[in-house]
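Novice: no sequence on this one, just coordinates:
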């Protein structure tokens, strides 16, 4: 059964290739969802898939990309909504 991980990542996570990092890691894990910058400087991640793969992505969110500096990750777990067909970067 699939689950849904919703995360808000704060720190130095915009303009440092963080969304690309998340998209590549999530796609490699065959997860679906999206990653997007928020106006407050955080990055929002929504990912769906098997819990063990989501936990792998969760660990990568805490570590961050080479140029980022993750200060905090707020996570919410829910049942999957099957709202996505792939993992993409959303631009607002």
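Specialist: Received, thanks. These figures come from a predicted structure and were not determined experimentally.

Novice: thought residue 21 was touching residue 64?
Specialist: Yes. Between residue 21 and residue 64 there is a contact at 7.4 Å, judged by CB atoms under 8 Å. All C-beta atoms are positioned from the backbone trio N, CA, C, and that covers glycine.

Novice: count residues in the vicinity of residue 44, would you?
Specialist: Residues lying near residue 44 (other CB atoms under 10 Å) number 16.

Novice: can you list contacts of whichever strand or helix holds it?
Specialist: Residue 44 belongs to strand 43-50 when elements are defined using DSSP states H and E. Strand 43-50 is contacted from outside by 2-9, 13-14, 18-19, 22, 26, 29-38, 54, 57, 61, 80-84, 87, using CB atoms under 8 Å, 6 or more residues apart in numbering.

Novice: can you turn the buried part of those into a PyMOL selection?
Specialist: Here is the PyMOL command that picks out the buried ones among the contacts of strand 43-50, judged by 16 or more other CB atoms under 10 Å:
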select buried, resi 3+4+5+7+8+9+13+14+18+19+22+26+29+31+32+33+34+35+36+37+54+57+61+80+84+87
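
Novice: just the contacts of strand 43-50: which are in strands?
Specialist: Judged by DSSP state E, those include 2-9, 32-37, 87 as members of strands.
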